[in-house]
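Trainee: Model the following, please.
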Amino acid sequence: MGKIKVTPCGIKGLYVIEPTVFKDERGYFVETYNQKDFEEAGLDMSFVQDNQSMSVKGVLRGLHFQKQYPQGKLVRVIRGSVFDVAVDLRADSETYGTWFGVELSAENKKQFYIPEGFAHGFLVLSEEAEFAYKCTDFYRPGDEGGLLWSDPDIGIQWPVEAGMKLIISEKDTKWGGLKDTFKF
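Mentor: Prediction:
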């Protein structure tokens with residue numbers, strides 16, 4: 001096996017990926033992606049685009065997806081921490097409408113692979129967070145879809161601290177719920 005640990009998340013296709021971190025008195029080195037290691041672990045996706053964002057504490061982005069040109073995403077945090085969530089929107093899936101969440105941080109160096117057919121979002125837990133992700137398809141603005149982050153039919157348990165003010169884009173407050181959303 002290569003230099004990564006791959007843990008299935010109970011929803012087919014979702015994985016938490018932990019790279020090996022090499023530390024010494026100078027700091028650390030981590031290989032965040034190696035195609036051979038991923039293929040050896042049974043993950044054979046191809047990435048075409050890398051993105052990075054910065055957000056402040058309380059920002060909740062999502063839940064987003066691309067309809068006709070879905071994207072698989074390999075996400076990680078390079079500064080700070082977030083609670084990252086994926087919701088299964090695959091119509092024929094046994095886990096349709098089920099969510100999974102994981103804390104990603106610069107400290108734990110965990111990555112989360114979300115395949116095509118899922119909605120994705122995250123909540124920033126630290127004062128600031130830098131979020132980086134690789135995508136299996138290009139972003140197409142006219143193809144964007146979304147799912148309401150607070151849909152009670154899904155019941156995501158966001159770790160909102162007492163007194164935390166959520167910062168949500170106007171667009172993300174207007175998405176429909178699971179009953180109204182696009183299915184893959």
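Trainee: What does the pLDDT read for the spatially closest residue to residue 7 that is not a sequence neighbour?
Mentor: Closest residue in space to residue 7, ignoring its immediate chain neighbours: residue 16 at 4.6 Å, by CB to CB, 6 or more residues apart in numbering. Any C-beta I mention is one placed from the backbone N, CA and C, and that applies to glycine too. Per-residue confidence (pLDDT) for residue 16: 97.
Trainee: Residue 16 is in what secondary structure piece?
Mentor: Here residue 16, judged by DSSP states H and E, is contained in strand 15-19.
Trainee: Mean confidence (pLDDT) on the helix or strand that comes right after that strand, please.
Mentor: Remark: after strand 15-19, the chain's next helix or strand is strand 21-24, criterion DSSP H and E. Averaging pLDDT along strand 21-24 yields 94.
Trainee: count of neighbours near residue 160?
Mentor: A count of nearby residues for residue 160, using other CB atoms under 10 Å, gives 14.
Trainee: Now do the contacts for the closest residue to it other than its chain neighbours.
Mentor: Excluding the flanking residues, the one nearest residue 160 by CB to CB, 6+ apart is residue 166, at 6.7 Å. Taking CB atoms under 8 Å, 6 or more residues apart in numbering as the criterion, residue 166 is in contact with 58-60, 123, 160.
Trainee: Which one (most neighbours) among these?
Mentor: residue 123 (28 neighbours).
Trainee: Does it touch residue 156 like I think?
Mentor: No. Counting by CB atoms under 8 Å, residue 156 is not a contact partner of residue 123; they are 9.4 Å apart.
Trainee: quick one on the thing from earlier: tell me the pLDDT at the residue nearest to residue 160?
Mentor: At residue 166, pLDDT is 98.
Trainee: how close does it get to residue 179?
Mentor: 23 Å (CB to CB, to the nearest Å).
Trainee: for residue 19, same thing?
Mentor: Where residue 179 is concerned, residue 19 sits at a distance of 38 Å (CB to CB).
Trainee: neighbour count winner among those two?
Mentor: residue 19 (20 against 8).
Trainee: Wait, that one touches residue 6, no?
Mentor: No. Counting by CB under 8 Å, residue 19 stays clear of residue 6, with 10.3 Å between them.
Trainee: so what pLDDT did residue 2 get?
Mentor: 59.
Trainee: Count the neighbours of residue 45 for me.
Mentor: 16.
Trainee: right, and it touches residue 35 too?
Mentor: No. Counting by CB under 8 Å, residue 45 does not reach residue 35; the two are 9.4 Å apart.
Trainee: any weak-confidence spans in this structure?
Mentor: 1-2 (pLDDT under 70).
Trainee: and with 80 instead?
Mentor: 1-2, 181-182 (pLDDT under 80).
Trainee: Which SSE is immediately downstream of the longest helix that it contains?
Mentor: With secondary structure taken from DSSP state H, the chain has its longest helix at helix 35-40. Note on helix 35-40: by DSSP H and E, the next helix or strand toward the C-terminus is strand 49-56.
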